[in-house]
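*Asks:* Turn this into a structure:
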Amino acid sequence: MFVLNIVLTVLTFLAYILPFLAPKLFPFLSVLTMILPLMLIFNLLFFIYWGIQMKRQILLSSLVLLMGITFINKFYKFSSTDLPKSENDFTVMSYNVRLLNLYKWIERDDVAELISEFINDKNPDILCIQEYSEGKINLRAYKHKFILMKGDKTKTGQAIFSKFPIINKGDIVFPNSNNNAIYADIKRGKDTIRVYNMHLQSIKITPDVHEINEDINGINEQKSKKIIKSMSRAFKAQQEQAEILMNHKKDSKLPEIICGDMNNSAFSFVYRSIRGDLNDTFEEAGSGFGKSYNFNYYPARIDYIFADKKMEVKSFENYPDFINSGHFPIMARLSMVK
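*Replies:* Numbers count the residues shown, from 1 in each chain. Model prediction:
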């Protein structure tokens, strides 16, 4: 049993340092950042096991857990923040709508209609959509928008909708990828805010994930290897895409918000790179797991809203009960700091 504990400890320590190591160096090991919360849970079980037996091996699990305290806030928040509303507040929503169910992944005909109703009901001031598909939803509240569609047979894209004027806009190309990012400079009163909407490389395990959901013991070794290789390639591509995004935003002096589907965890090198000195709105004001991806056995958080330090994060919400895509919407209420 102690041998297993040692192996788990080594893997956990590796996961602790991986956010500081470029995935290009160790793409295979980067997979560990996706399951770090599970490893912390297993370490906790070892802690309880050795504690019940009053064995000194408990010291090893204690050390691992103490060093992992800083990661817990990224995975689970015990209490939320909901500061009083003011006239200076504005709300931002990010949502990967998965082409509005274009290919009937969900066997219902009302998905696009329900998404429209949901967005109009929540009524965010700024809306960032990934995997957008034109012509299927009615977002009547938004006078200003920037939509970039790409693709030959299937047009998919990113979109930024705003109640405030868009005075500048553009796109950021990710080489050798169907993924990209767009941005819009939004004029709100006396302030101009740059909003990025990103969609980083997918790890492309969705079909296999559904198989796991249905029969977690039925996945074979060949499929496991395929998933690991796919994830390793995706992690390297994500690093390149993050570098392109970071190089682009260096030239901007505007306060910024970065939204989107990162396809990676809050324990990853890519997360650390893109977040930089911005606030993770879930960490600032969220509660629970902040689940943003629909996977039955793991509360995955791979969608984010990062806000400039010049903004106060007054509340954050995710909507895991609204199942009309592979992802769940997330929304933050922000206010410019005077």
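
*Asks:* Might one say that residue 333 is in contact with residue 93?
*Replies:* No - applying CB atoms under 8 Å, one finds residue 333 not in contact with residue 93, separated by 10.3 Å. The way it works is simple: take the backbone N, C-alpha and C, and place the C-beta from them, glycine included.

*Asks:* Are we agreed that residue 127 is in a strand?
*Replies:* Yes - the assignment for residue 127 (DSSP: H, G, I helix; E, B strand; the rest coil) places it in a strand.

*Asks:* Can you give me the domain assignment for the chain?
*Replies:* Domain ranges of the chain: 2-75, 89-336, per automatic domain parsing.

*Asks:* mind listing the strands in this protein by residue range?
*Replies:* Secondary structure of the chain (DSSP state E): strands at 89-96, 126-132, 144-150, 156-162, 166-173, 180-188, 191-199, 256-261, 279-280, 303-307, 311-318, 330-336.

*Asks:* burial count for residue 175?
*Replies:* Per other CB atoms under 10 Å, the neighbour tally for residue 175 reads 8.

*Asks:* how close does it sit to residue 75?
*Replies:* Distance from residue 175 to residue 75, counting by CB to CB, to the nearest Å: 33 Å.

*Asks:* How about residue 202?
*Replies:* 22 Å.

*Asks:* Out of the strands of the chain, the one nearest residue 292 is which?
*Replies:* The closest of these to residue 292 is strand 303-307. By CB to CB, the value is 3.8 Å.

*Asks:* Okay, now the sheet partners of the closest one, with direction.
*Replies:* If you go by DSSP bridges, strand 303-307 pairs up with strand 256-261 (antiparallel), strand 279-280 (antiparallel).

*Asks:* So in the chain, where's the weakest helix or strand by average pLDDT?
*Replies:* Counting by mean pLDDT, DSSP states H and E, the chain has its least confident helix or strand at helix 206-214, which shows a mean of 41.

*Asks:* Give me whichever of the domains of the chain is most buried.
*Replies:* Most buried of the domains of the chain, by mean neighbour count (mean count of other CB atoms under 10 Å): domain 89-336, with a mean of 18.

*Asks:* can you pull the contacts of the closest residue to residue 325 other than its chain neighbours?
*Replies:* Once flanking residues are discounted, residue 325 sits nearest to residue 98: 4.2 Å by CB to CB, 6 or more residues apart in numbering. By CB atoms under 8 Å, 6 or more residues apart in numbering, the residues touching residue 98 are 105, 131, 325-327.
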